[in-house]
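In: Based on what follows, work out the 3D shape:
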Amino acid sequence: MTEGDVHRGIKRGQVDTEPRVLDGEVCGKGELVARQARNVWDLGFETSRRPKVQVFESETMIRNKRELRRGGRRGATAVELAVIAPVFGIFLAGIMEFGHAFLTVGTLNAAAKQAARYGAVEGISSTEVETRADNILSAAVDTTSATYLVKDASIFDSGSVPESIDYSGLPDIELLNAERRQLYVVRIEIPYNDVAIMPPFWAKDLTLVGQSVMRHE
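Out: Okay, here's the model as predicted:
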């Protein structure tokens, strides 16, 4: 009698009722049924199913715990992003603004230098120098609010140069009448709010300046 036969016989109530020899002993009806049941147990009929249920439950519990941890981590990630994203955005915007400001200052200096060299030769007026500077600068930024100064820079030839100079207060110079080797300065000023990528609150009323000092030939 196989394990399957015993299981099917017990399930259908068709176990033999006649005395039989089991494990070398003559057994009655009740004892036969009990021994057959023990044999089924010993053969692992029931135990073969119990571990499977336990493993299934363990896997389910592990899966649930993982999903809970994953869900909690997703929530923590969302909170971290909400805190870090604005700070990172402001930091990135600051880098862009500072870079743009330095780029604009470099452009102002380059335009002032080229305009000053243009006016160093004879026959060029101060108005032509300002126009030259505007043409160079307008290719890069909006020059609507730009201020152009062509001033006498003889103060730099003196023995002592003041720490702070009011360039707007320096004497005007007409380059057509300038003497040979006379110093002059070409200065360009522009409000940063008019050329900024996004007008920053920390740069309110900030003025960018570029200038070049040259000797007339």
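In: C-alpha only now, for contacts and for neighbours.
Out: Fine.
In: Could you chop the protein up by domain?
Out: For the chain, automatic domain parsing gives the domain ranges 3-42, 93-215.
In: Going by mean pLDDT, which of those comes out lowest?
Out: Among the domains of the chain, domain 3-42 carries the lowest mean pLDDT, at a mean of 49.
In: What ranges does the protein have for its strands?
Out: Along the chain, the segments classed as strands by DSSP state E run 20-22, 25-27, 147-152, 183-191, 207-215.
In: how big is the angle separating the fourth one from strand 147-152?
Out: Same thing as strand 183-191. Following axes from the mean of the first three to the mean of the last three CA atoms, to 10 degrees, one obtains 160 degrees for the angle between strand 183-191 and strand 147-152.
In: Name the strands paired with strand 183-191 and say parallel or antiparallel.
Out: Sheet partners assigned to strand 183-191 using DSSP bridges are listed as strand 147-152 (antiparallel), strand 207-215 (antiparallel).
In: Buried residues in the first one, which are they?
Out: For strand 147-152, a neighbour-count test (16 or more other CA atoms under 10 Å) marks 148-152 as buried.
In: go on, the last one?
Out: Within strand 207-215, the residues that count as buried by 16+ other CA under 10 Å are 208-215.
In: Other residues contacting that strand?
Out: Identification of contacts with strand 207-215 by CA atoms under 8 Å, 6 or more residues apart in numbering yields 101, 104-113, 116-117, 120, 153, 180-192.
In: Ok, the shortest one next?
Out: With CA under 8 Å, 6+ apart as the contact definition, strand 147-152 has outside contacts at 126, 130, 133, 167-168, 170-173, 183-190.
In: what about residue 114, how many neighbours?
Out: For residue 114, the count of nearby residues is 17 (other CA atoms under 10 Å).
In: any idea how far residue 108 is from it?
Out: To residue 108, residue 114 is 10 Å away according to CA to CA, to the nearest Å.
In: before we move on, what about residue 150?
Out: Distance from residue 150 to residue 108, by CA to CA: 14 Å.
In: One more: residue 134?
Out: Using CA to CA, residue 134 is found at 10 Å from residue 108.
In: now do residue 176
Out: Distance, residue 176 to residue 108, using CA to CA: 24 Å.
In: Tell me which of these two has more neighbours.
Out: With neighbours defined as other CA under 10 Å, residue 176 and residue 108 compare such that residue 108 has more, 26 against 15.
In: so what's the more buried one up against?
Out: With contact set as CA under 8 Å, 6+ apart, residue 108 has these partners: 137, 188, 209-211.
In: of all the residues you listed, which comes closest to residue 77?
Out: Using CA to CA, residue 209 comes nearest to residue 77 of these, at 45.1 Å.
In: follow-up on the earlier one: looking at the contacts of residue 108, which is nearest residue 86?
Out: For these, the minimum distance to residue 86 (CA to CA) is 31.7 Å, reached by residue 209.
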